[in-house]
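Chemist: predicted structure and sequence below. I'll ask about it afterward.
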Amino acid sequence: MTLAHIVEGSGPAVDRLRRDRDTLRAQIVEHGAILLRGFDVGGADGLEAAVRAFSGEPLTYTEQSSPRSVIKGKVYTSTSYPQQQEIPLHNEMSYQAVWPLTLFFHCVEPPLTQGATPLASVRQVYELIDPEVRAEFERRRWMVVRNFGEDVGLRWWTAFSTEDRSEVERQCARGGITPKWIGTDGLRTEAVRDAVHKHPVSGMPVWFNHVVIFHESSLPEDVREGIAEIYGPDGFPQNSYYGDGGVIPDDVVAHLRQCYRSASTRFDYQRDDLLLVDNMSVAHGREPFTGPRKIAVAMGEASA
């Protein structure tokens with residue numbers, strides 16, 4: 001698999017997506033990602049139109065796990081983490097019961113240095129993982145634990161887009177999540193998910209989860225130590241465990257992280273680039289960067 005297949009041209013991006021939709025959909029299955037370069041995306045309205053042309057109605061960002069904001073409609077900013085911080089490779093919303101099948105990244109303003117959206121084939125990641133490590137996850141699955149408190153991470157009303165506790169509980173029930181209210185404004189949730197899925201088109205097994213990015217070892221060491229000291233070992237905004245609640249050792253996560261890196265590739269953004277990603281074929285992340293770097297994101301095609 002070659003990531004990402006580059007399609008160069010001119011004119012409105014939505015016109016190309018409408019005209020060559022079948023060809024482009026075949027290419028994204030083959031390559032995992034497509035980079036449209038030289039086209040005019042047309043801002044947030046144009047990006048929404050591009051999503052509709054390729055994938056149908058854009059999806060809403062639900063069960064938010066990272067800070068971002070709405071640009072317009074169902075077009076969002078990319079994750080608002082400090083620019084010196086790397087965002088590990090992951091598949092969008094793989095901690096949820098339902099996730100988008102196609103992702104759209106529009107480069108509004110490229111960074112001065114680095115700032116790429118690295119990509120990695122999660123089929124290749126699957127093959128690189130030590131078979132014993134992989135079998136352990138296939139047998140025990142994995143658990144995501146999230147804490148929504150006052151000082152660390154998001155507030156629950158931001159993550160669930162409602163201030164109604166009953167609605168949060170309904171969303172949790174639909175998504176196979178166990179909620180526990182803590183004190184006046186706190187919430188802790190747990191959900192057990194598969195670490196390995198089958199790709200909906202190829203049927204091949206893929207490494208599709210948030211194990212690495214949510215694991216506490218992915219935090220900067222000083223941040224990890226500070227949170228553990230103040231809130232205790234169970235107080236991280238989000239963390240990964242084996243599905244039975246067992247601790248995933250740091251060296252296992254380090255091995256998984258290295259598999260992602262071994263499978264990864266990158267490209268430098270140019271203004272108005274439009275990157276389409278098959279979310280179940282390809283993981284994405286973010287390099288540290290300097291300069292402005294404005295990336296608009298949207299999603300299409302719910303998995304179920």
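Modeler: Here it is on my side, so go on. Numbers count the residues shown, from 1 in each chain.
Chemist: which parts of stretch 217-227 are buried?
Modeler: 217-219, 227 (16 or more other CB atoms under 10 Å). For every residue, glycine as well, the C-beta is placed using N, CA and C.
Chemist: got it, and stretch 284-291?
Modeler: Under 16+ other CB under 10 Å, the buried positions of stretch 284-291 are 284-289.
Chemist: ok, which stretches of the chain are helices?
Modeler: 13-19, 21-31, 43-55, 122-128, 131-140, 156-159, 165-174, 211-214, 221-231, 250-263 (DSSP state H).
Chemist: just checking, what packs against the longest one?
Modeler: Right, the one you point to is helix 250-263. strand 87-90, strand 119-121, helix 122-128, helix 131-140, helix 211-214 (3 or more CB pairs under 8 Å, 6 or more residues apart in numbering; DSSP states H and E).
Chemist: got these as TSV, with distance to Val297 and mean pLDDT columns?
Modeler: Shown next, in TSV, are those (distance: least, CB to CB, whole Å; pLDDT from 0 to 100):
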stretch	distance to Val297	mean pLDDT
strand 87-90	12	94
strand 119-121	14	97
helix 122-128	19	98
helix 131-140	28	98
helix 211-214	16	97
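Chemist: point out the most buried one among those.
Modeler: strand 119-121 (a mean of 26; mean count of other CB atoms under 10 Å).
Chemist: and for the residue lying closest to Glu63 once chain neighbours are set aside, the neighbour number?
Modeler: Beyond its immediate neighbours in the sequence, the residue positioned closest to Glu63 (CB to CB, 6 or more residues apart in numbering) is Gln96, lying 5.4 Å away. By the measure other CB atoms under 10 Å, the count of residues near Gln96 is 19.
Chemist: shouldn't Gln96 be in contact with Gly175?
Modeler: Yes: applying CB atoms under 8 Å, one finds Gln96 in contact with Gly175, separated by 6.1 Å.
Chemist: overlap in contacts, those two.
Modeler: With contacts taken as CB atoms under 8 Å, 6 or more residues apart in numbering, the residues that reach both Gln96 and Gly175 are Glu63.
Chemist: list the residues that contact the nearest residue to Gly149 once chain neighbours are set aside.
Modeler: Closest residue to Gly149 in three dimensions, ignoring its sequence neighbours and counting by CB to CB, 6+ apart: Gly186, at 5.2 Å. For Gly186, the contacting residues are 147-150, 156, by CB under 8 Å, 6+ apart.
Chemist: buried only: go through those residues for me.
Modeler: Buried members of those, scored by 16+ other CB under 10 Å, are 147-149, 156.
Chemist: of these, which belong to strands?
Modeler: Within these, membership in strands is found for 147-148, as judged by DSSP state E.
Chemist: let me have the buried ones among the contacts of Gly186 in JSON lines, extended by pLDDT.
Modeler: Conversion of the buried ones among the contacts of Gly186 to JSON lines gives the following (pLDDT from 0 to 100):
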{"residue": "Asn147", "pLDDT": "95"}
{"residue": "Phe148", "pLDDT": "93"}
{"residue": "Gly149", "pLDDT": "84"}
{"residue": "Trp156", "pLDDT": "93"}
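Chemist: so how far does stretch 87-107 reach from one end to the other?
Modeler: Stretch 87-107 stretches 17 Å from its first residue to its last (CA to CA, to the nearest Å).
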